[in-house]
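Peer 1: Any chance you could fold what I've pasted below:
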Amino acid sequence: MTGHYTKIVRERRSVAWAVLATGLVMLALLADRGAPVWTWALVAPCIAICILQIALKPGYGIGLTSRDMTIFDGFSERRLPIHRVDHLRLSKTSATLVLRSGDEVALPRHVMRNTLPLIREAAARGIPVRAL
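Peer 2: Okay, here's the model as predicted:
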């Protein structure tokens, strides 16, 4: 068991990078050719939106410590104490935490890319792993 295990996948926005590059080229051409102000007003918001999409990348994954489990789902985080988790249920396409209360918490699909470290870390923390 490692002291802290974290697996987070950040969504890449390749389209935003391409649009940002195109917008910057257009902005340079506007500056070079002395374009009117209204054309700048059209291009500048597009560039700002692309920069925001690149900067605000959601994270999906899971983090485990000796006492807590953190589920990263986009821009939100959910923290669960390990003692509330009954078992981890894995299938070919999904991973679900079953709590002692009977509630089920679906893990992000990004956790399924490499399940061996997840199984190892969960078992080391006393969480039984069940497969369907």
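Peer 1: Around Gly23, how many other residues sit close by?
Peer 2: Neighbourhood size, Gly23 [other Cβ atoms under 10 Å]: 19. The way it works is simple: take the backbone N, C-alpha and C, and place the C-beta from them, glycine included.
Peer 1: wait, I meant Asp103
Peer 2: Quick note: Asp103 (other Cβ under 10 Å) scores 10 neighbours.
Peer 1: I'd like the numbering to begin with 39 instead of 1 from here.
Peer 2: Taking 39 as the first residue, the last one we looked at is Asp141.
Peer 1: Now do the end-to-end distance for stretch 44-55.
Peer 2: The straight-line separation of the ends of stretch 44-55 (Cα to Cα, to the nearest Å) is 27 Å.
Peer 1: An error on my part: the question was meant for stretch 144-154.
Peer 2: By Cα to Cα, the extent of stretch 144-154 from end to end equals 18 Å.
Peer 1: Which parts of stretch 119-137 count as buried, going by neighbours?
Peer 2: 123-124, 126-128, 133, 135-136 (16 or more other Cβ atoms under 10 Å).
Peer 1: How about stretch 156-166?
Peer 2: Result for stretch 156-166 [16+ other Cβ under 10 Å]: buried residues 156-157, 159-160, 163, 165.
Peer 1: Just send those residues back as CSV, with secondary structure and pLDDT too.
Peer 2: As requested, the buried residues of stretch 156-166 are exported to CSV (DSSP: H, G, I helix; E, B strand; the rest coil; pLDDT from 0 to 100):
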residue, secondary structure, pLDDT
Leu156, helix, 85
Ile157, helix, 89
Glu159, helix, 89
Ala160, helix, 89
Arg163, coil, 90
Ile165, coil, 91
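Peer 1: got JSON lines for these, with distance to Ile85 too?
Peer 2: Formatted as JSON lines, the buried residues of stretch 156-166 follow (distance: Cβ to Cβ, whole Å):
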{"residue": "Leu156", "distance to Ile85": "39"}
{"residue": "Ile157", "distance to Ile85": "44"}
{"residue": "Glu159", "distance to Ile85": "42"}
{"residue": "Ala160", "distance to Ile85": "44"}
{"residue": "Arg163", "distance to Ile85": "46"}
{"residue": "Ile165", "distance to Ile85": "46"}
